[in-house]
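**Q** what follows is a predicted structure for the sequence shown.
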Amino acid sequence: MTRALSFCGVILAAGESSRMGSDKALLPWPPAPAGKTTNRTFLSAAIERLSSFSDMVIVVAGHNEPKLTPVIYSNGGFVARNPAPERGQFSSLQIGLQEVLNHGRDAAIVTLVDRPPAKAETVEMLRESLMSAAPETWAVVPEYKGKHGHPILFDRAMIHAFLNAPVAANAREIEHQHQQHIAYVAVDDPFVTLNVNTPEEYAALTTQLG
């Protein structure tokens, strides 16, 4: 029996991007050909992807909010501000998940902004996996070649587990505590496990795609 879940996308984008040297959310995606420019970015691509599978998409920004807001609004997203992103990524996750509940939704599709978006068929597979899972399954995590990645999907029970944890915790700790409630789904999508943290990693990715 399929569960009736109301999904909200959550994109964590409050990091300082210190190793990249510029905000990773605003990196062009897909890369523009030589001599050309593009307005599409990791952030706009992530909003577009999650919008197809969610009622709304919330982007958690930090001190970079003024730079991200035009991109978020022009792509139909909503902004949630983390006033102290130095507390770490888990604080942004809690802010984003609280906004999911505040907007009357009971499930979340959570991803990070520092990567190309997962394939549409990947997100669809994960969404269907959670909706068709038994009630004791609270979360669905993609797995590519034995590595776990994003987006991760949570139902209301898992959202509350994260919100009830101390801000000093991290997502991995909470997942381990509720391991019996998590389903891992094998996907054919290398982007789910990819992180782009440095100019070299971004250049390697664009070269690979080119």
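**A** Structure's in. What do you need?
**Q** for this protein, what spans make up the strands?
**A** For the chain, the strands defined by DSSP state E occupy 7-12, 56-61, 78-81, 107-112, 139-144, 147-148, 152-155, 182-186.
**Q** pick the most deeply packed of these.
**A** strand 7-12 (a mean of 28; mean count of other Cβ atoms under 10 Å). To be clear about C-beta, it is placed using only N, CA and C from the backbone, and glycine gets the same treatment.
**Q** beta partners for the nearest residue to Tyr184 once chain neighbours are set aside?
**A** Take Tyr184 and drop its neighbours on the chain: the residue closest to it by Cβ to Cβ, 6 or more residues apart in numbering is Glu143, 4.7 Å away. Counting by DSSP bridges, Glu143 is bridged to His148, Ala186.
**Q** got a list of what the most centrally placed residue in the chain touches?
**A** When Cα atoms, centre = their mean is applied to the chain, the residue found nearest the centroid is Thr111 (1.0 Å). Contacts for Thr111 (Cβ atoms under 8 Å, 6 or more residues apart in numbering) come out as 9-12, 46, 50, 117-118, 150-152.
**Q** neighbours of Arg105, how many?
**A** 21 (other Cβ atoms under 10 Å).
**Q** surely it touches Phe7?
**A** Yes - at 6.5 Å, Arg105 and Phe7 qualify as touching, with contact defined as Cβ atoms under 8 Å.
**Q** which neighbours do the two have in common?
**A** Common neighbours of Arg105 and Phe7 (Cβ under 8 Å, 6+ apart) are Asp55.
**Q** go ahead and confirm Glu48 touches Ile72.
**A** No - if you go by Cβ under 8 Å, Glu48 and Ile72 don't touch, sitting 11.6 Å apart.
**Q** how far off centre is stretch 81-97?
**A** Distance, stretch centre to chain centre, for stretch 81-97: 13 Å (Cα atoms, centre = their mean, to the nearest Å).
**Q** about what we covered before: and Glu48 and Ile72? Which one has more around it.
**A** Ile72 (23 against 16).
**Q** so what's the nearest residue to the more buried one once chain neighbours are set aside up against?
**A** Leaving aside its chain neighbours, Ile72 sits nearest to Val59 (4.9 Å; criterion: Cβ to Cβ, 6+ apart). Neighbour list for Val59: 11, 13, 43, 47, 68, 72, 77-80, 113 [criterion: Cβ under 8 Å, 6+ apart].
**Q** and for Val140?
**A** 126, 129-130, 133, 152-153, 182-185.
**Q** need phi/psi at His178.
**A** phi -120, psi 30 (degrees, to the nearest 10).
**Q** what does Pro117 give?
**A** Torsion angles at Pro117 (phi, psi; degrees, to the nearest 10) stand at phi -70, psi 150.
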